[in-house]
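Chemist: Okay, sequence plus prediction incoming.
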Number of protein chains: 4
Amino acid sequence: MELIREGDTVLVYIDEKRKFPIVVRRGGILGTDKGFIRHDEIIGKPYGSTLTTSMGVKALLFKPLRQDYIPALKRITQIIHPKDAALMIYLSGVGPGSRVGEAGVGSGALTIAIASIIGDNGVLYGYDISEKAIETTMQNLEKAGLKHRVVLALRDVREGVDVDNLDAFFLDIPDPWNALSSVSKSLKNSGVLLVYVPTINQVEKTVVAMRQSGVFGDIHVYELLLREMSVEPGAVRPRSKMIGHTGYVIFARKLASSDSP
Amino acid sequence: MELIREGDTVLVYIDEKRKFPIVVRRGGILGTDKGFIRHDEIIGKPYGSTLTTSMGVKALLFKPLRQDYIPALKRITQIIHPKDAALMIYLSGVGPGSRVGEAGVGSGALTIAIASIIGDNGVLYGYDISEKAIETTMQNLEKAGLKHRVVLALRDVREGVDVDNLDAFFLDIPDPWNALSSVSKSLKNSGVLLVYVPTINQVEKTVVAMRQSGVFGDIHVYELLLREMSVEPGAVRPRSKMIGHTGYVIFARKLASSDSP
Amino acid sequence: MELIREGDTVLVYIDEKRKFPIVVRRGGILGTDKGFIRHDEIIGKPYGSTLTTSMGVKALLFKPLRQDYIPALKRITQIIHPKDAALMIYLSGVGPGSRVGEAGVGSGALTIAIASIIGDNGVLYGYDISEKAIETTMQNLEKAGLKHRVVLALRDVREGVDVDNLDAFFLDIPDPWNALSSVSKSLKNSGVLLVYVPTINQVEKTVVAMRQSGVFGDIHVYELLLREMSVEPGAVRPRSKMIGHTGYVIFARKLASSDSP
Amino acid sequence: MELIREGDTVLVYIDEKRKFPIVVRRGGILGTDKGFIRHDEIIGKPYGSTLTTSMGVKALLFKPLRQDYIPALKRITQIIHPKDAALMIYLSGVGPGSRVGEAGVGSGALTIAIASIIGDNGVLYGYDISEKAIETTMQNLEKAGLKHRVVLALRDVREGVDVDNLDAFFLDIPDPWNALSSVSKSLKNSGVLLVYVPTINQVEKTVVAMRQSGVFGDIHVYELLLREMSVEPGAVRPRSKMIGHTGYVIFARKLASSDSP
């Protein structure tokens, strides 16, 4: 049985709105509006254990999953919703050993999710035009222990990407249609491009530009609606609160250019 | 530039309903209702290339992604929809090196998706009560080149699972509430259980049983609706065809049992 | 052109969250957190006019529609959402001259909507087991000028309904399956029953009871999801806020009992 | 108890896909792929009765509701889906005695629904640019017994509407932005405009034009998703088939023009 040690990252789970991923240190204290917890009480307990806060509220100690880091990220930008990140990563075909590009990295939420999938033999090239974004992503990757898998660069991908032969590229910028030329050059033939945009106008411009470019095929645009169910015995129903819209996911594969051998 | 060689698996893409993952063999012929293609024409072309069938219809040659195998799987059961598989895998936290359980494997669609993510250092234990399911999954894994990462067993997981210390378990059986005890023993503390069920009655029974068991926490039930957008310049709209329902995804984490040290 | 007179009901519209249906009186003042408006400024203006509050905020003067009364109703219960009321009324076939039943009336929101459709030759019999509900509905009908079309009674419809030959019945009680026998007796042959319930368990019990009763046919269960679009030029998207669930609408028609001539 | 007489319109309901509204005539025969029914067997039966076809299949005899006419309409155009018609009519505030405009009438499905609500004291002015549409709508109104409430005219409403003082206008044409000026003149101050368009580009153009016109306020754009539930005891779930998209509903109210007294 795996016991929690000093230096481990632990998710302290009180309820849906109170999930705290912390690095456990002797003498440390986690303060919450439901009472505090001494780190010393956490050390030596098995993962999955229960304890109570100073106010007598139950807290669970979980080993954090990649999505647990996201709510706690230092944020400077809007973050791609997990339902959309899940679909994008799945459709990208990215897995252990993949070579991947991403722009812009924003606060690094998707960066963390991709880095956790590619393993130590994969590499993720992350770009942004904001120095602050690069720094924040770096810090967030460090907390998640994934920094060594990612190469970050301050670069406007609309002006070119400095790597090639990528398996997949994730594009989350306001005008993806202006980056299609650079991104297509960075991708392997048959490589996958995933674009995330919030408005329908961006969808239209991007898809039209993809078709005109002649270098993308198998183009699809998806939107996901996520409903959470409320389960009380004898009274099951979808929750009355729901996010109405996050963004659209565009999928495309790179075609070999016509002048290929 | 990567050229297609004999023995490679290639996705021949004609349109949305005509996607054929084939293993390329000298002298081979792919016959479709839009004409045939000689494998010899494919060999030596770069991935992402275009060619035409005997009826003059355009076909694209892609390197298959994991989701490309699914439509071509030999099937004996209903398959978990990619949108749901994507969410389940994402939420599971599974990645390179993970130790994972799955029951029932059915035709192996989710098995392939998980196996592709865990890398060569991970292991997936797949169970089913049908000999036919085990065989079919084995064949489908072989085609996808992922057999070495999966241990398949003919076993009713409601009566026990023969491994432990798993990071995550995927449960797709008609009565998941009867397997909670076995599955919880196979999971690490803080490990993740993902359940997939088509009806709301199954959701209710499973969640109630999870709560009563006392060994699962952070329980959530999700449903995803996927809309695909039709993009014609000046006429963008959601597609009029849509799948109305596939199934519900239940997420839970294993708690340390109270008699733990 | 129709000018606003003393005694008229006017909808003062400031924004989505500030819509006030008021009866205009000389000397009256409407106070809001965006400033006040003297009723004297309103009298004599055409409907559809614009004026400004004491704080300089623009306000529109509309002739209220039936749905405008709903947000301003004196409320003692949850109200059926307009999207659902719209579907129920449409499917009911109710129109000018219809004879209609409703239980429970709650705060009278649906009562107002039905009463406004049946005209002066129609009649609506409204029931509730709460005296407070009957009083509140009476007051709300009076404000909407529709009291003369409705007969309200303090009665538990599960124990019987005191009218018959109804064209349609609207049932919004926690255990509709217990009222099916009474309600079916009050309906004309081929008359329509509309049931509104928030949970899936209630749906199941009601539909099963309808089938077993043998006196209802053409049974359907619907759920509506309403998305509102945000339209900024060049940035159109669904709104990010959305109601995830309100309730299910069950439709059925009464069959002639087998012992009919 | 109301018995079916010669000349009555009856909905013969076999199943979801076999609903036939017929006018009953002595000696008549209704032929279906599930067997035939002699009209003589129908005459004299109460509404809501059951009989069997020549092939022994059960059929129910219902009094038709307005939505029952729609599937049987002679059609020359796409028809507004009942869920959308329901919302539009509800939001319009139209009821007994209303003066209403509609363009284009198409096959008359919405025309029938509105005409059934406005009663004998209301009037509906229906326009279309197609002679065929006017004729078809006329025939469909006649079958539904509602012809006397509707004035149909062959007219392009973008070039003007020949009536005024309308309570509401329903606009279902490809370029509604070109009809806003005419339609606003035909509406009472504070009157309601409902527009139905299938694409998001039409939504954007219409809403932008409404705002620029300065004569419309309280503008909203809605989309409805309808799910039907499948209820088997112990196995309740949304149906797997669903319509993914029909159209968008735009709501607006007419403002008094600034040069009003």
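Modeler: Alright, I've got the coordinates.

Chemist: got the residues of chain A near chain D?
Modeler: A:200-201, A:204 (CB under 8 Å from any CB of the partner chain). The C-beta positions use only the backbone N, C-alpha and C, and glycine is treated the same way.

Chemist: Let me know the closest of those to residue A:184.
Modeler: Nearest to residue A:184 among the residues of chain A next to chain D, counting by CB to CB, is residue A:204 at 19.3 Å.

Chemist: Just give the number of residues close to the nearest residue to the closest one once chain neighbours are set aside.
Modeler: Excluding the flanking residues, the one nearest residue A:204 by CB to CB, 6 or more residues apart in numbering or on different chains is residue B:236, at 5.1 Å. Using other CB atoms under 10 Å in any protein chain shown, residue B:236 is surrounded by 23 other residues.

Chemist: One more: the one 5 residues further on?
Modeler: Applying other CB under 10 Å, we find 12 residues neighbouring residue B:241.

Chemist: Can you tell me how far it is from residue B:226?
Modeler: To residue B:226, residue B:241 is 11 Å away according to CB to CB, to the nearest Å.

Chemist: do residue A:203 as well
Modeler: In terms of CB to CB, residue A:203 sits 15 Å off from residue B:226.

Chemist: in what helix or strand does residue A:56 lie?
Modeler: Under DSSP states H and E, no helix or strand contains residue A:56.

Chemist: what's the neighbour count on the spatially closest residue to it that is not a sequence neighbour?
Modeler: Distances taken as CB to CB, 6+ apart put residue A:35 closest to residue A:56, at 7.1 Å, once the chain neighbours are dropped. Here the count is done by other CB under 10 Å, and residue A:35 has 15 residues near it.

Chemist: now swap in the one 3 residues further on and tell me
Modeler: Neighbour count of residue A:38, defined by other CB under 10 Å: 15.

Chemist: next one: the one 3 residues further on
Modeler: A count of nearby residues for residue A:41, using other CB under 10 Å, gives 16.

Chemist: In three-state terms, label it for me.
Modeler: Secondary structure, DSSP: H, G, I helix; E, B strand; the rest coil: residue A:41 is helix.

Chemist: do the helix or strand residue A:185 falls within and chain B meet at all?
Modeler: Assigned by DSSP H and E, residue A:185 belongs to helix A:180-186. No: Helix A:180-186 is not in contact with chain B by CB under 8 Å from any CB; minimum separation 10.1 Å.

Chemist: And for stretch A:147-159?
Modeler: No: judged by CB under 8 Å from any CB, stretch A:147-159 makes no contact with chain B; its nearest approach is 10.3 Å.

Chemist: where does the stretch 1-150 of chain A dip in pLDDT?
Modeler: A:72 (pLDDT under 70).

Chemist: how about the strands of it, start to end?
Modeler: A:9-15, A:18-23, A:29-32, A:35-38, A:50-52, A:58-62, A:99-103, A:123-128, A:150-154 (DSSP state E, counting those that start in this stretch).

Chemist: Please save the CA atoms from the last one in CSV.
Modeler: What it means is strand A:150-154. Listed next in CSV are the C-alpha coordinates belonging to strand A:150-154 (Å, rounded to 0.1, in the frame of the first residue of the first chain):
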residue,chain,number,x,y,z
VAL,A,150,8.2,20.2,-23.1
VAL,A,151,10.2,22.8,-25.1
LEU,A,152,8.6,26.2,-24.7
ALA,A,153,9.4,29.1,-27.0
LEU,A,154,8.2,32.7,-27.3
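
Chemist: How far away from the center of its chain is that strand?
Modeler: 16 Å (CA atoms, centre = their mean, to the nearest Å).

Chemist: that older thread, can you name the residues bridging to the residue nearest to residue A:56?
Modeler: residue A:32 (DSSP bridges).

Chemist: Next up, the contacts around it.
Modeler: A:52-57 (CB atoms under 8 Å, 6 or more residues apart in numbering or on different chains).

Chemist: Tell me the one among the residues you listed nearest to residue A:97.
Modeler: Distances from residue A:97 to the contacts of residue A:35, taken by CB to CB, are shortest for residue A:53, at 42.9 Å.

Chemist: If anything else comes up later, I'll come back, but that's it for now.
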